[in-house]
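Participant: what follows is a protein structure lacking sequence information:
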């Protein structure tokens, strides 16, 4: 007999805004939001409290749009060091109940309490309620918790009712609660997948669950199989241990610039600075990328993403720069204004496992490439000892533009 797992998904409510209210309790009584500095062109809403939400303020809209809906909205700047501090504290509370705690971003975590809930009374809902109470009492934060038998359904549960609520999704009530929800509510249904599903006549999770699996796989491939299984409660993915080493799937860095960039004189230094940062972080993690991705955004927020696969994995700044520059010239042009650039090294492999071979650039010998790798590793050591600005590529800008954003792939600040 197979026993269902008991998985919780804990989602901190309005996390950034809630943390800001801890030190400034007066903010709890007014519509408030955490946002970037409009003068530096980072005027978007990062998080909002419930009062602002009731006024129609939404995450990721511009501050001026939010102010049109709610003129009295109070904007406070973000403090990412505080958010990291409280995220660590919350996950430490979760680990009192199980060692199977898997963070999903800075404000969400899955907990598998299957093997430990008997130590806390054996009732999953009561354990979820207790966790909510402990987080509220000890940290002055609220959390919504979904309880279910798969990771996907547990996350849908935490989204089902907010703030500060527990929702149990069982085999008995899953169809009634989840099938009417839009398919976009399902984990990993992005815009592209949603568009494809729409063309197939699939608008709800229930329609996805009842769709012919083989037909879905023919259209979406492995992703179709995964989505169909998720909708039918067949997601078998496990919650990783809090002590397990996290696999880094990509390393990226992005900048939103104080003013639009155009022309080689402005774009090349900015791109070089990003490539230098990404390459240094890959070296620090001991990985090389097999694919270089470049995301470009213009002043009207039109965004494109392009990528190139390398002949040989790399963590060298120069090679990242050459490929990124090729993508930029081929996909965008140098005269079109650029508001934001993001460089990402993807399809990572362990650097130690890469066999010596010809480099991406055929004119460079393997011996010469190894010398360059040693040089850049030496540069890393100098930076570690004397600071990041101690040594930089000559093509990079003297000071990186303000407005660095968190890396969604690794969770590190840029």
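Facilitator: Thanks, I have it. Please read these numbers as outputs of a predicted model, since none were measured by experiment.

Participant: give the contact list for the residue lying closest to residue 27 once chain neighbours are set aside.
Facilitator: Nearest residue to residue 27 in three dimensions, chain neighbours excluded: residue 21, at 4.7 Å (CB to CB, 6 or more residues apart in numbering). The C-beta positions use only the backbone N, C-alpha and C, and glycine is treated the same way. Residue 21 makes contact with 27-28, 32, 49, 140, according to CB atoms under 8 Å, 6 or more residues apart in numbering.

Participant: tell me which element residue 21 is part of?
Facilitator: Assigned by DSSP states H and E, residue 21 falls within helix 15-23.

Participant: flag every buried residue along that helix.
Facilitator: Neighbour counts over helix 15-23 (16 or more other CB atoms under 10 Å) mark 15-21 as buried.

Participant: closest one to residue 275 out of these, please.
Facilitator: residue 16 (29.4 Å; CB to CB).

Participant: does the closest residue to that closest one other than its chain neighbours belong to a helix, a strand or coil?
Facilitator: Leaving out its chain neighbours, the residue that sits closest to residue 16 by CB to CB, 6+ apart is residue 47, at 3.6 Å. Three-state assignment for residue 47 (DSSP: H, G, I helix; E, B strand; the rest coil): strand.

Participant: number of nearby residues for residue 47?
Facilitator: For residue 47, the neighbour count with other CB atoms under 10 Å is 24.

Participant: pretty sure it is in contact with residue 27, am I right?
Facilitator: No: counting by CB atoms under 8 Å, residue 27 is not a contact partner of residue 47; they are 11.9 Å apart.

Participant: who touches both of these two?
Facilitator: Common neighbours of residue 47 and residue 27 (CB under 8 Å, 6+ apart) are residue 17.

Participant: flag the shaky bits of the protein, pLDDT-wise.
Facilitator: Confidence mapping of the chain against pLDDT under 70 gives the ranges 1-2, 37-42, 245-246, 354-414.

Participant: show me where it has strands.
Facilitator: Here the chain has its strands, by DSSP state E, at 7-12, 32-35, 45-48, 74-76, 101-103, 108-112, 143-148, 166-168, 250-261, 287-297, 303-314, 338-350.

Participant: mind giving me the domain split of this structure?
Facilitator: In the domain annotation for the chain, the residue ranges read 1-177, 179-246, 250-390 (automatic domain parsing).

Participant: which two from the contacts of residue 21 end up farthest apart in space?
Facilitator: With CB to CB as the measure, no two of the contacts of residue 21 lie farther apart than 32 and 140, at 15.3 Å.

Participant: and those two? Which one has more around it.
Facilitator: Looking at residue 32 and residue 140 with other CB under 10 Å, you find the greater number of neighbours at residue 32, namely 26 against 15.

Participant: need phi/psi at residue 211.
Facilitator: Dihedral pair for residue 211: phi -80, psi 150, per degrees, to the nearest 10.

Participant: which non-adjacent residue is nearest it?
Facilitator: Residue 211's closest residue in space is residue 202 (CB to CB, 6+ apart), at 5.9 Å.

Participant: so the one you found makes contact with residue 208?
Facilitator: Yes: using CB under 8 Å, residue 202 is in contact with residue 208, at 5.1 Å.

Participant: overlap in contacts, those two.
Facilitator: Shared contacts of residue 202 and residue 208 (CB under 8 Å, 6+ apart): residue 183.

Participant: how many neighbouring residues does the closest residue to residue 127 other than its chain neighbours have?
Facilitator: Computed as CB to CB, 6+ apart, the closest residue to residue 127 that is not its neighbour in sequence is residue 120, at 5.1 Å. Residues near residue 120, counting by other CB under 10 Å, number 16.

Participant: residue 112 too?
Facilitator: For residue 112, the neighbour count with other CB under 10 Å is 23.

Participant: and what of residue 139?
Facilitator: If you count neighbours by other CB under 10 Å, residue 139 ends up with 17.
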